[in-house]
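Visitor: quick one, structure for this:
(2 chains)
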Amino acid sequence: MKGSNADIADLLHSVATSITLSKGNFFEIRAYNNAADAIEHSTTEVRDLWQEGKLAEVPGLGKSIQAHLDEYFKTGGVKHFETLLSKHPKVIYELIKVPGIGPKTALELADLGVKSFDDLGKKLDNGDLVKKGFSEKIAEKIKSGFLEHSNRDNRMLLPYAQAQADKILEYLKKGPGVKNADPLGSLRRQVATIGDLDFAASSDEQEKVYEYFHKLPGVATVKDKQTVVLASGVHVDLLVGKPESYGALLQHFTGGKNHNIKLRTNALKKGLSLNEEGVRKINRKGERVELVPTKTEEDFYKLLGMDMPAPEMREDAGEIEAALEHKLPDLIELKDMKGDLHLHSNFPIEHPSHGPGIDSIADIVKKAQELGYEYVGISDHPPAHRTETKEGIIEWIEKRTKVIQEIKAKTKSTRVLNALEIDILTDGTLSVPDEALKTLDYCIAGIHSGHRSGSGDITKRILRALESPYVDIISHPSGRLINERESYEADWEKIFEYAGKNKKIMEINSFPNRLDLRDDLVRMALKYRVKFVIDTDAHQVSEMGNMRYGVSVARRGWATKKDVLNTWEWKEFAEWFEVT
DNA sequence: GCCGTTTTCGGCCCGACTGTTTTCAGTCG
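Guide: Numbering: from 1, shown residues only, chains lettered A, B, ... in the order given. As a prediction, this is how the structure comes out:
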């Protein structure tokens, strides 16, 4: 849809690029880039804010840009922007998206006859650029940026990255004189996809730690002192700092970028300058003096007069303001989880609608007990409504209910719940008749077909499904499959508003390539007081350990324990679901 | 162009890397 936050951010970045090339005011350029970043990271659609006359709420949008956006939403374009953009070849606004290509390089490339992004790839391959006078090293740099851009979809999934990171951390902690070791960057912030694996360590024997790092199991090549490449092709970076300034190092390289920018801007106003070694005071002459090293991140933030936001929150999404006012939310933690409600077993089925699990209900329950859960819900897919008769579906459910009840009776420490994950059909009706649904402890409904219908359709489908008194939870609501399929373009505010008012729950699905709801949608849903469950959607018991990733998503969305039903004590949980 | 418990004018994050720069420009996170 034209006019999405991403579209507008793109447009403003293009304007900034154009002004750069026209040698305009440096700070005007920055203002446009800031505005673009703010919109890109806004958790609300800017179009909606405009409709409500609340554009000014987005930081970085002043009178001028607001007026331009007003014109944009009213007419579909901005005359002033079009004039600016037309001063330079159109292709540069595409080329600047390639890492390593900025405005200047993009213009140079355009002057050399690069016509499009694909054309750039062609000219890189056949050496045209070097022939026309581009230095080989720069061409090489652009090529790697081009590949990175083309493969941007193939960043590692967080769970895959984290599994490797856990092993590396374990190794690093045994290094010479190592006192601390932590992940950095997007890994530490638990972003859904990860590029490189970055780590920090503290030790008084820095050089020895780097030598030790180069011997990390699985290393294929040592690229430089701080970087090794694993056999899998994954780059691993390590920064070793002194223990007395480790907090500043961690803070600096955890980011995110916009969080740090705002932090440093705010600090400057108080006469403080921040870098990776600590906090420095600035004297009257504007000189940076008196470095105060910070041992922990808490110390670092304390010197700035604020509480420490969890790494997962550091995206400049309001956490700095909240930290200054000592109003940070008490984020949910993995140890709060008391059950898993979305699990698939291998219960026999003749006409499956979707892939069943590979382990038995008994094994799942056993695993739940091992994990210390107070309750566990088995939620298989019912038989396909197209190939199985209505009676057949009901019969299958009855058979399965019986088996679950037998296991339930034998299980002391963990309560076993009888559920299903049913389909929301293309017209919003459900794949299982009500008379069977009402026999369940709760019901999860999800979209498993017709993902590509337009925004209105998906919104209507979900809303219609939610109107059923038997539907409690919407599974993987936005339907994204990371690196494969984008989220549906649905009217999430409308869906969340309904859910918040009608006790309907949104799932945060911990499956590695789903992590759905997304963190930004969790944040949006919270505004409507929507409750969540965090589930693993495990199809084998080994996947039940993925819960931590759903918790990370919830934390990135600022969710607290009370927002997530499956952290609740059994009594309250049972009251909500009206089960015994 | 944006922004304001030190400013409605005069500031605007910080440092590193890379290339070919003999003191800086471009780009990135």
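Visitor: stretch A:34-52 and DNA strand B in contact?
Guide: Yes: under the criterion of Cβ under 7 Å from any atom of the strand, stretch A:34-52 makes contact with DNA strand B via A:Asn34, A:Ala35. C-betas here are computed from N, CA, C, even on glycine.
Visitor: contact partners of that stretch?
Guide: A:3-6, A:8-13, A:16, A:55, A:57-61, A:65, A:69-70, A:73, A:258, A:315-317, A:493, A:520, A:523-524 (Cβ atoms under 8 Å, 6 or more residues apart in numbering).
Visitor: also stretch A:240-253?
Guide: Surrounding stretch A:240-253, the residues in contact under the criterion Cβ under 8 Å, 6+ apart are A:179-180, A:182, A:184-185, A:198, A:200-204, A:206, A:209-210, A:213, A:239, A:260, A:274-279, A:293-301.
Visitor: try stretch A:97-112
Guide: Everything outside stretch A:97-112 that qualifies as a contact, by Cβ under 8 Å, 6+ apart, is A:17, A:20-21, A:88-89, A:91-92, A:95-96, A:117, A:120, A:123, A:128-129, A:132-134, A:138, A:141-142, A:144-146, A:148-149.
Visitor: which residues sit in contact with the closest residue to DNA strand B within the stretch 451-580 of chain A?
Guide: Sorted by distance to DNA strand B under Cβ to the nearest atom of the strand, the residues of the stretch 451-580 of chain A start with A:Arg556, at 17.3 Å. Contacts of A:Arg556 were listed using Cβ under 8 Å, 6+ apart, and they are A:Arg189, A:Gln190, A:Val191, A:Glu312, A:Met313, A:Glu315, A:Asp519, A:Val522.
Visitor: show the average pLDDT along stretch A:507-524.
Guide: Across stretch A:507-524, pLDDT averages out at 95.
Visitor: and the contacts of stretch A:34-52, which are buried?
Guide: Buried members of those, scored by 16 or more other Cβ atoms under 10 Å, are A:3, A:5, A:8-13, A:16, A:55, A:58, A:60-61, A:65, A:69, A:258, A:315-317, A:493, A:520, A:523-524.
Visitor: so where's the stretch 401-550 of chain A uncertain?
Guide: Applying pLDDT under 70 to the stretch 401-550 of chain A flags residues A:453-456.
Visitor: mind listing the strands for it?
Guide: If you assign secondary structure with DSSP state E, counting those that start in this stretch, the strands in the stretch 401-550 of chain A sit at A:415-423, A:442-446, A:473-474, A:505-509, A:531-535.
Visitor: now those in a markdown table, with distance to A:Lys402 and mean neighbour count?
Guide: What follows is the strands of the stretch 401-550 of chain A, written out as a markdown table (distance: least, Cβ to Cβ, whole Å; neighbours: other Cβ atoms under 10 Å):
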| stretch | distance to A:Lys402 | mean neighbour count |
| --- | --- | --- |
| strand A:415-423 | 10 | 24 |
| strand A:442-446 | 18 | 24 |
| strand A:473-474 | 24 | 24 |
| strand A:505-509 | 27 | 27 |
| strand A:531-535 | 24 | 26 |
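Visitor: Throw those strands into JSON lines and include distance to DNA strand B, thanks.
Guide: Conversion of the strands of the stretch 401-550 of chain A to JSON lines gives the following (distance: least, Cβ to the nearest atom of the strand, whole Å):
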{"stretch": "strand A:415-423", "distance to DNA strand B": "38"}
{"stretch": "strand A:442-446", "distance to DNA strand B": "35"}
{"stretch": "strand A:473-474", "distance to DNA strand B": "35"}
{"stretch": "strand A:505-509", "distance to DNA strand B": "26"}
{"stretch": "strand A:531-535", "distance to DNA strand B": "28"}
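Visitor: can you put the ones you listed in CSV and add distance to A:Lys561?
Guide: Formatted as CSV, the strands of the stretch 401-550 of chain A follow (distance: least, Cβ to Cβ, whole Å):
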stretch, distance to A:Lys561
strand A:415-423, 19
strand A:442-446, 20
strand A:473-474, 18
strand A:505-509, 13
strand A:531-535, 11
